[in-house]
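S.K.: predicted structure and sequence below. I'll ask about it afterward.
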Amino acid sequence: MDTFQAIAVIGAGAWGTALATVAARAGRNVTLWARNADHATRIAASRENPRLPGVRLAPEIVVTSELALAARADMLLVATPAQHLRGTVNMLASHLTKPTPVVACAKGIEHGTHKFMTDVIAEAAPHARPAMLSGPSFADDVARGLPTAVTLAAKDEVLASALVQALGSPTFRPYHSTDIRGVEIGGAAKNVLAIAVGIAVGRKLGASAQAALTTRGFAELSRLGRALGARSETLVGLSGLGDLILTCSSPQSRNFALGLALGRGEQAPAGKLAEGEFTAPVLIELAASQNIEMPVSEAVAAILSGRSTIDAAIDGLLTRPFKAEE
Ligand SMILES: NC(=O)C1=CN([C@@H]2O[C@H](COP(=O)(O)OP(=O)(O)OC[C@H]3O[C@@H](n4cnc5c(N)ncnc54)[C@H](OP(=O)(O)O)[C@@H]3O)[C@@H](O)[C@H]2O)C=CC1
Ligand SMILES: O=C(CO)COP(=O)(O)O
């Protein structure tokens, strides 16, 4: 079995940095790529990334802004924001000389194309072997070595299992899967739903409403998932229900925190990437193209685009016709 001894993480944000610590803990030779040369030099010298404050990088992690150097690794983890994945993989592709596994670690759906992360990788780097890592895992928890479990999916089960072996450790437990689409849908949709739940909490609608919205959010995530061929065990697994529970219950989530601020009538937290904001419009376009109703996601998209006030969106959800639970 391929051991993928050399791992490169592309994107030195909070998540990329946490994943570099994971790979180092798993005993791999790790390279962390930052797009900005000054940032790379500063992180390399201080052994700390301002995007993940308080976490000390292991001395063996090489930090670079040279993509060609990073691309030599046996396995690549791409942790740039979802809408910038194609641009990043386009740059990477010319440096790939072998069928390297390229693991998407961003959670989202591409604007304009409605493509999921591994489809973007397959198009931008046709020789790569796309995979997807997702699940309930805050960068800060992961980097500090708190116990975390995620799903790592690839089309080929042998590959998925080998990638898990390369990255896993007692405190970071990836479960392998071949249901790439199911994993991608959970990660993308839960961010939008976390904004909705954050709004409800910010509006002080109560713990019962929080549970109801999370559950109905899961119902619509599952409807879309089933329509797109996701397996039900994936939807109720770590990357689906698991990540939804995490992000819909904690202000540590940037998506939940965005909703919380909106619900309280405050400014959105500055400089924090909340992928759900970018995923909401494309998620509802995708759902509409499949004739799938996603009322909670639609309400979030309407609020974010200014097409609805928060109060009108809440009224709209609460006055929908009664129906069978499904
Ligand atoms: N943080 C978390 O807990 C988790 C995050 N994720 C996912 O990981 C992805 C990244 O999130 P996260 O690391 O937290 O975000 P951050 O905002 O912390 O970092 C984003 C990183 O992407 C880089 N970047 C931004 N734009 C581009 C671009 N156009 N080309 C190349 N690189 C770019 C940034 O570079 P620069 O520093 O130069 O601006 C930065 O290094 C998201 O999809 C998120 O949903 C998944 C699980 C957990
Ligand atoms: O994806 C995450 C946890 O699994 C991180 O959530 P946020 O992007 O909302 O902070």
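M.R.: It's in. Ligands and ions are numbered 1, 2, ... in the order given.
S.K.: now tell me what touches the host helix or strand of residue 163 from outside.
M.R.: Here residue 163, judged by DSSP states H and E, is contained in helix 157-167. Helix 157-167 is contacted from outside by 1-5, 7, 22-23, 26, 28, 75, 101, 103, 129, 131, 133, 152-154, 174-178, using Cβ atoms under 8 Å, 6 or more residues apart in numbering. Where you see a C-beta, it was placed from the backbone N, CA and C, and this is true even at glycine.
S.K.: can you rerun that using 10 Å?
M.R.: 1-7, 19, 22-23, 25-28, 74-75, 77, 101, 103, 129, 131-133, 150-154, 156, 173-180 (Cβ atoms under 10 Å, 6 or more residues apart in numbering).
S.K.: tell me which entries of those residues lie within strands.
M.R.: Applying DSSP state E to the contacts of helix 157-167, the entries found in strands are 6-7, 75, 77, 101, 103, 129, 131-133, 150-154, 173-177.
S.K.: ok so, going back, out of the contacts of helix 157-167, which are buried?
M.R.: For the contacts of helix 157-167, a neighbour count by 16 or more other Cβ atoms under 10 Å gives the buried set as 4, 6-7, 19, 22-23, 25-26, 28, 74-75, 77, 101, 103, 129, 131-133, 150-154, 174-180.
S.K.: what's near enough to touch residue 156?
M.R.: Applying Cβ under 10 Å, 6+ apart, the residues near residue 156 are 101, 129, 131, 162-163, 178.
S.K.: repeat the analysis, applying 6 Å as the threshold.
M.R.: By Cβ atoms under 6 Å, 6 or more residues apart in numbering, the contact set of residue 156 is empty.
S.K.: buried by neighbour count: which residues of stretch 237-244 qualify?
M.R.: By neighbour count on 16+ other Cβ under 10 Å, the buried set for stretch 237-244 is 237-244.
S.K.: from these, which land in strands?
M.R.: Per DSSP E, strands hold no members of the buried residues of stretch 237-244.
S.K.: ligand 2 next: which of the residues you listed are close?
M.R.: When contact is defined as Cβ under 6 Å from any ligand atom, those meet ligand 2 at residue 243.
S.K.: which member of the buried residues of stretch 237-244 is positioned nearest residue 42?
M.R.: Ranked by distance to residue 42 (Cβ to Cβ), the buried residues of stretch 237-244 are led by residue 243 at 31.4 Å.
S.K.: identify the residues contacting the closest one.
M.R.: With contact set as Cβ under 6 Å, 6+ apart, residue 243 has these partners: 135-136, 186, 190.
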